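Chemist: Just need the structure, nothing else, for what follows:
(2 chains)
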Amino acid sequence: MGKTIKLISGDGEMFEVEEAVAFQSNIIKSLADEDNADDCIPLPRVDSQILSKVLEFCRKHANSPSVHTKFAAIPSELCPKHDGSAAGASSSESSSAHSETCRACYDAVMKLVQWDLEFVKVDLDLIHHLLKAANYLDIEDLMFMAVEGAANAIRGNNPEEIRKLFDLENDFTPEEEKEILKEYSWLDDPFEP
Amino acid sequence: MSRSISPSMSRSISPSRQKVVKTKPRGFDEESVSVFAKIIHSDIHMEDHIWALLPEDLLMEVLARVPPFLIFRLMPVCRRWNSILQDRSFLAAHSRVPSHGPCLLTFWKSSQAYQCSVFSLPLKTWYKIPFAFLPDWAFWLVGSSGGLLCLSGYDGLDFKILVCNPLTQTWKVLPSMHHNQQRQLTLVVDKVDCTFKVIATGGDILGDQTLPTEVYYSRLDSWSVHQVMPAVTLCSSKMAFCDSRLYLETLSPLGLMMYRVDMGQWEHIPAKFPRSLLDGYLVAGAKKRLFLVGRIGLFSTLQSIRIWELDHAKTAWVEISRMPPKYFRALLRLSADRFDCFGQDNQICFTSWNQGKGLLYDVDKKAWSWIVGWVIQLCSTQVCFYQPRFDKLI
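Modeler: Coordinates of the predicted model:
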């Protein structure tokens, strides 16, 4: 086992993880760099339940390049080394070898992305805690996925359902709400061509 | 695709401030202390209204990832969300988020009525688009790019062009061209620049090929005149635009006619077509990829639809896929059946004239699938790929 880092959650539990895992968090990375190799890093704002979920995510991402800087609906952009086109390779590579490499890059990243999407298919409260933890610990990929997860929770719900889900108060007057709904009523007209 | 979460996000107090560790706080933002004092010092109260207390920039990133058609549902939720959605930085955040998936826009017009609707493939749902502003003369669907739609038609004897954003309901009628007549048009959006261009090529309906190519640039709100396309015999008027170049198939000389928008010039590319090609559709893919889709084989029992990609370096078409026979038979019951083909972002759509079905080929995933829930019933319906966007280009 390589060099490890000790983390202490807000409720006093100790987690010992490999450097590569813990360093997914830019905060932990910079704290560890500062000559505190033997000390534990306390994380008072993150309790053990959340921290273990966060570390699960970090473990999965420990040895991959950040996928979300290239996360796009256009998969050719996911390939960090190539431009995705069959003919765009350097003159030394043949077209077929180039596409094979592209395919491998693409597959690996898509697998990780799929795992991430499953990871955030959890209840909204947990997503909220993950989002705050990711923000606090500065873990880009987790922040990105938590945001994505929260957005997914909104899909397909009407305003009232969204309010319930996010525990928000409706501070519009009935007249104001009616006006807004009227403006966008075309979206809800049941429509089959 | 650039990093989509802004770096200036506020952060609650970093771990180092709490205990032993002798380092300075990281990313500590003076202003955020007072806002988050409630949260930082009393975990117990964190549970109440946690979403209401989410920092604005994080909330904005969440809302920006909701599919465009569903964003309207967020407007009546509460005042805070409503004001965020109308904020300029929300629109910027939304335009950074990758498209939520391919959508197909269908347009049908008669003298009395029109129907425009969008089918979202990821959501498998239809949305009707109100086009109250659409003038009577708008008849042909030219195409769509970057969330904008281009339509053309005759207003009396005048040929006119209109560009609009169906989601924001903004539109513009373009000024007349220098040689104002019906021509082949292509709409191109530059997301970086927040501008769009319309390229007019080809002859008029009488086949006059001596008209110069004209380009409309939204920033200047004017048409500029460029080189006349060299005299060639065109295979078809279908064009594909990718990587700042417009491509057309030519019979004589054999190959492609390419127009470079940045230079305003035409160039011939002698890329030989595959043998026994019956009909060929040029389809632009993502970035620099150019595809040719067509039927091979004169005899019905041996026919197949294949897809080639242009190897730009070798100026040759390389076969990348073949439509599986079961799809081919289902799409085209008779070998003489016509099919239509168009694409965007490495998705290629096939529709058959005789049946309302749609078939999709995903170039990256190398996967064929029927478009579930999508049916075109009116035979004069025009279809194109469409990306719903709120970008303010008009």
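
Chemist: The residue in chain A that chain B sits nearest to: neighbour count?
Modeler: Nearest residue of chain A to chain B (C-beta to the nearest C-beta) works out as A:Ala151 at 3.5 Å. Glycine gets a C-beta too; all of them are placed from N, C-alpha and C. When neighbours are defined as other C-beta atoms under 10 Å in any protein chain shown, A:Ala151 has 21 of them.

Chemist: show me what contacts it?
Modeler: Neighbouring residues of A:Ala151 by C-beta atoms under 8 Å, 6 or more residues apart in numbering or on different chains: B:Val62, B:Leu63, B:Ala64, B:Arg65, B:Val66.

Chemist: Out of the residues you listed, who's the most crowded?
Modeler: When neighbours are counted by other C-beta under 10 Å, B:Val62 leads the contacts of A:Ala151 with 26 neighbours.

Chemist: Do I have it right that it meets A:Ala150?
Modeler: Yes - B:Val62 is within contact range of A:Ala150, at 4.4 Å (criterion: C-beta atoms under 8 Å).

Chemist: Quickly list what's touching both of these two.
Modeler: Joint contacts of B:Val62 and A:Ala150 (C-beta under 8 Å, 6+ apart) do not exist.

Chemist: Isn't B:Ala284 up against B:Ser244?
Modeler: No - the pair B:Ala284 / B:Ser244 is not scored as a contact, 11.2 Å apart, by C-beta under 8 Å.

Chemist: pLDDT averaged over stretch B:226-237, what's the number?
Modeler: If you average the pLDDT over stretch B:226-237, you get 83.

Chemist: How is the residue nearest the centre of chain A assigned, secondary-structure-wise?
Modeler: Geometric centre of chain A, nearest residue: A:Met145, 2.0 Å, by C-alpha atoms, centre = their mean. Recorded secondary structure, A:Met145: helix (DSSP: H, G, I helix; E, B strand; the rest coil).

Chemist: What residues does the residue of chain B found nearest chain A make contact with?
Modeler: Proximity of chain B to chain A (C-beta to the nearest C-beta) peaks at B:Arg65, 3.5 Å away. B:Arg65 makes contact with A:Val147, A:Glu148, A:Ala151, B:Val97, according to C-beta under 8 Å, 6+ apart.

Chemist: try B:Ile376
Modeler: Going by C-beta under 8 Å, 6+ apart, B:Ile376 touches A:Pro193, B:Thr106, B:Thr351, B:Gly356, B:Gly358, B:Val383.

Chemist: Save these as JSON lines, and put in pLDDT and distance to B:Met263 too.
Modeler: As requested, the contacts of B:Ile376 are exported to JSON lines (pLDDT from 0 to 100; distance: C-beta to C-beta, whole Å):
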{"residue": "A:Pro193", "pLDDT": "52", "distance to B:Met263": "43"}
{"residue": "B:Thr106", "pLDDT": "90", "distance to B:Met263": "36"}
{"residue": "B:Thr351", "pLDDT": "88", "distance to B:Met263": "35"}
{"residue": "B:Gly356", "pLDDT": "73", "distance to B:Met263": "42"}
{"residue": "B:Gly358", "pLDDT": "88", "distance to B:Met263": "37"}
{"residue": "B:Val383", "pLDDT": "91", "distance to B:Met263": "32"}
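
Chemist: can I get those residues in a markdown table with neighbour count, secondary structure and distance to B:Ser222?
Modeler: Shown next, in a markdown table, are those (neighbours: other C-beta atoms under 10 Å in any protein chain shown; DSSP: H, G, I helix; E, B strand; the rest coil; distance: C-beta to C-beta, whole Å):
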| residue | neighbour count | secondary structure | distance to B:Ser222 |
| --- | --- | --- | --- |
| A:Pro193 | 16 | coil | 38 |
| B:Thr106 | 24 | strand | 32 |
| B:Thr351 | 22 | strand | 36 |
| B:Gly356 | 15 | coil | 41 |
| B:Gly358 | 23 | strand | 38 |
| B:Val383 | 19 | strand | 31 |
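
Chemist: The helix or strand hosting A:Cys58 near chain B anywhere?
Modeler: Per DSSP states H and E: A:Cys58 is located in helix A:48-61. No - figure legend: helix A:48-61 not in contact with chain B (C-beta under 8 Å from any C-beta of the partner chain); closest approach 11.5 Å.

Chemist: Identify each buried residue in the helix or strand hosting A:Leu165, please.
Modeler: Per DSSP H and E, A:Leu165 falls inside helix A:159-166. Within helix A:159-166, the residues that qualify as buried are A:Pro159, A:Ile162, A:Arg163, A:Leu165, A:Phe166, counting by 16 or more other C-beta atoms under 10 Å in any protein chain shown.

Chemist: any idea how far the fourth one is from B:Asn165?
Modeler: Distance, A:Leu165 to B:Asn165, by C-beta to C-beta, to the nearest Å: 30 Å.

Chemist: now do the last one
Modeler: Relative to B:Asn165, A:Phe166 is positioned 29 Å away (C-beta to C-beta).

Chemist: Flag every residue of the stretch 201-350 of chain B that's near chain A.
Modeler: Residues of the stretch 201-350 of chain B lying near chain A (C-beta under 8 Å from any C-beta): B:286-289, B:309-314, B:318, B:320, B:345-346.

Chemist: Please tabulate those in TSV, including the columns neighbour count.
Modeler: Compiled in TSV, these are given as follows (neighbours: other C-beta atoms under 10 Å in any protein chain shown):
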residue	neighbour count
B:Ala286	23
B:Lys287	16
B:Lys288	18
B:Arg289	25
B:Glu309	23
B:Leu310	26
B:Asp311	18
B:His312	17
B:Ala313	11
B:Lys314	11
B:Val318	17
B:Ile320	17
B:Asp345	24
B:Asn346	23
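
Chemist: Max pairwise distance over those: which two?
Modeler: B:Lys314 and B:Asp345 (24.3 Å; C-beta to C-beta).

Chemist: Could you look up the SS state of the spatially most distant residue from the centre of chain A?
Modeler: Here the centre of chain A is the reference, and by C-alpha atoms, centre = their mean the most remote residue is A:Glu175, at 38.6 Å. At A:Glu175, secondary structure determined by three-state DSSP is helix.
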